[in-house]
Structures are given as C-alpha cells and as structure tokens.
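Asks: need coordinates for the below:
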Amino acid sequence: MYKKSDPVTRLCTSDVDNIWIRGRNLCDELIGHKTFTDYILFHFFGEEPNALQRAVVDAVLVCIMEHGMTPSAIASRVTYLGAPESLQGAVAAGLLGAGSRFVGTADESAALLKRIADKPPSERVGEAERIAEEFTSAKKFLPGYGHPIHVNGDPRVKRLDEVAREAGAKGEYLDAMYLLGDAIKKASGKNIVINVNAAIGAVLLEADIPPTIARGFNLIARCAGLVGHLLEEQTEPAGYHIWKTADAAVPFEAS
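Replies: As a prediction, the model looks like this:
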C-alpha cells in the first residue's frame, strides 16, 4: 500500500488505452503538437518552455550534435564493426566516452559563471580574476576555456551569444563568461580562448536551466550525432580501416 512518504514519479503513467506525460495525453496533446525541443523541456520541468528556453536549447542541440571523427565516434564505429547487430551498443559505446575532454564541461563552467554573476556588478571583475588565479596557480584546466583547434576563437561562442540575446537573454551570465575569459588571459599570460562549453553553460543559465543537467543536453545531441556516424558506417564503413590503422600505429614491444 502506498504511503505518503514513499517516492513518486510525476513524469509518466499509462493504462490499457492511454499514455500520459506530465498529465498530458501523449497521442492527443503531444504527438504532432510539440517539437522535440519543446517536448524535452516540458518533460524535464513540467511546464511549457518560454521563447528563450526554446531558442537556447534548440541552438545548443544543433551546435553540439556533430564533432567529426572524435574518440566517441570512433568508439561507436569500431563497436559497430564488432557487433553490427547492436546499434544501441555502438551508440552506448560512444556515449560512455563522452566526458570532460570530448563532449563538454558546460556544467562545471556554468558553476563558475554563476559564482561571478551572483556577485554585485562592482565585484564581478574581481571575482573573475580570483577564479582565474585559483586555476592558474593550481595549474588546472579552466573548464570552458581553451581550444586545440579554434585558437583564434571558437566560432560557436558568438553565435550562441547572438541566439540567446535575440531571444531575450539579460546577458549577465554571458557577460560573466567574457569577464572570466579576460581574467584567464591576464592570469596566464596566454591567449586562452573561450570555447563552446562556457557558452553552453552561460546560455543555459540565461534560460534558467539548472547547470547540473547541462551535460545532459550534450548527451542528447551526441546520441543523434552517433546515429549519423553509424548510418554512414553502414554505407561507407570506416571501422575496419580505423582498427587496422590503430594496430599499425601502435607497434608491439617486448617487455
């Protein structure tokens, strides 16, 4: 028997004829009435998304879906080579490698930007400088900053900023992102650029989306990207070539 203290779910239930999501009938009220982005936000929060949330999440999903032949895509392709009957296994293999190096640190970056934006305006530059000095002194990587390819600036940062501001973002977290960018350059003496993870963290904060689920949007988008890689693998397979290239590139050496 259910007790008031027992855990509950407010996400979904069903009976023989119907399925309800957050109290809405799936077939009558959601299918054909909501985009996937709207449905994600409604499912997460139980409310209709506002224009800013819709624009930001849609832009983030498009921005982060495809990264080329990264380790996560390689893992999916090579797993599919070994188990072509398991599309889900190949996608899962790629997602398991989606971490701070090869999908994102938007959640960690967002926490730092919030720390800056929570200060009074007159104290934000100082807080950004303190954060930059903390990471520089500890010789730690500052999440959301630096990029191995886009050394002149990650082009996605500007576009996400534009989308968010055009949709009504106030800009406090975006401004904090630039303050921290200036501070890390000053503290390190290096041209460390802002990367897309800082921008994702900032725009999600602007849309009142909890930083704790920031990486979740990366995973949703990457799942779709990996399916694209596997579709290509079915018609233009690269998995075998990747395997043989790796085998040739890492020679055996007797111990």
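Asks: for the one helix or strand His43 maps to, list every residue counted as buried.
Replies: Using DSSP states H and E, His43 maps to helix 36-45. By neighbour count with 16 or more other C-beta atoms under 10 Å, helix 36-45 contains the buried residues 37-42, 44. Every residue, glycine included, has its C-beta placed from N, CA and C.
Asks: and stretch 138-155, by the same measure?
Replies: In stretch 138-155, counting by 16+ other C-beta under 10 Å, buried: 142-147, 154.
Asks: pick out the lowest-pLDDT one from those.
Replies: On pLDDT alone, His147 ranks lowest of the buried residues of stretch 138-155, at 85.
Asks: distance-wise, check the spatially closest residue to it that is not a sequence neighbour relative to Ala207.
Replies: Spatial nearest neighbour of His147, chain neighbours left out: Asn195 (4.6 Å); criterion: C-beta to C-beta, 6 or more residues apart in numbering. Noted for Asn195: a distance of 19 Å to Ala207, by C-beta to C-beta, to the nearest Å.
Asks: picking that back up, which strands or helices does the helix holding His43 pack on?
Replies: In terms of contacts (3 or more C-beta pairs under 8 Å, 6 or more residues apart in numbering; DSSP states H and E), helix 36-45 is packed against helix 51-64.
Asks: I'd guessed Val203 sits against Val60; true?
Replies: Yes: using C-beta atoms under 8 Å as the test, Val203 is close enough to Val60 to be in contact (6.8 Å).
Asks: just to revisit the earlier point, could I get the CA-only coordinates of the helix holding His43 as PDB?
Replies: What follows is helix 36-45 as a C-alpha-only set of coordinates in PDB (Å, rounded to 0.1, in the frame of the first residue of the first chain):
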ATOM      1  CA  PHE A  36      11.200  17.600 -29.800                       C
ATOM      2  CA  THR A  37      12.900  20.600 -28.200                       C
ATOM      3  CA  ASP A  38       9.600  21.700 -26.600                       C
ATOM      4  CA  TYR A  39       8.900  18.200 -25.500                       C
ATOM      5  CA  ILE A  40      12.300  17.800 -23.900                       C
ATOM      6  CA  LEU A  41      11.800  20.900 -21.800                       C
ATOM      7  CA  PHE A  42       8.200  20.000 -20.900                       C
ATOM      8  CA  HIS A  43       9.200  16.500 -19.900                       C
ATOM      9  CA  PHE A  44      12.100  17.900 -17.800                       C
ATOM     10  CA  PHE A  45      10.300  20.700 -16.000                       C
END
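Asks: pull the residues that contact stretch 21-33.
Replies: Residues outside stretch 21-33 that contact it (C-beta atoms under 8 Å, 6 or more residues apart in numbering) are 10-12, 18-20, 39, 42-43, 46.
Asks: among those, which two are most distant?
Replies: Using C-beta to C-beta, the pair of the contacts of stretch 21-33 lying farthest apart is Asn18 and Gly46, separated by 18.3 Å.
Asks: now the helix holding His43: average pLDDT?
Replies: For helix 36-45, mean pLDDT rounds to 97.
Asks: try stretch 49-66
Replies: For stretch 49-66, the mean confidence score works out to 96.
Asks: so which bits of that stretch are buried?
Replies: Buried residues in stretch 49-66, defined by neighbour count with 16+ other C-beta under 10 Å: 49, 52-61, 63-65.
Asks: what about Asp175, neighbour count?
Replies: As a burial measure, Asp175 scores 17 neighbours (other C-beta atoms under 10 Å).
Asks: list buried residues within the contacts of stretch 21-33.
Replies: Buried among the contacts of stretch 21-33 (16+ other C-beta under 10 Å): 20, 39, 42.
Asks: tell me where the model's unsure across the stretch 1-150 of the chain.
Replies: By pLDDT under 70, the low-scoring segments of the stretch 1-150 of the chain are 1-2, 100-103.
Asks: tell me the one of the buried ones among the contacts of stretch 21-33 nearest Pro84?
Replies: For the buried ones among the contacts of stretch 21-33, the residue nearest Pro84 by C-beta to C-beta is Tyr39; the value is 30.8 Å.
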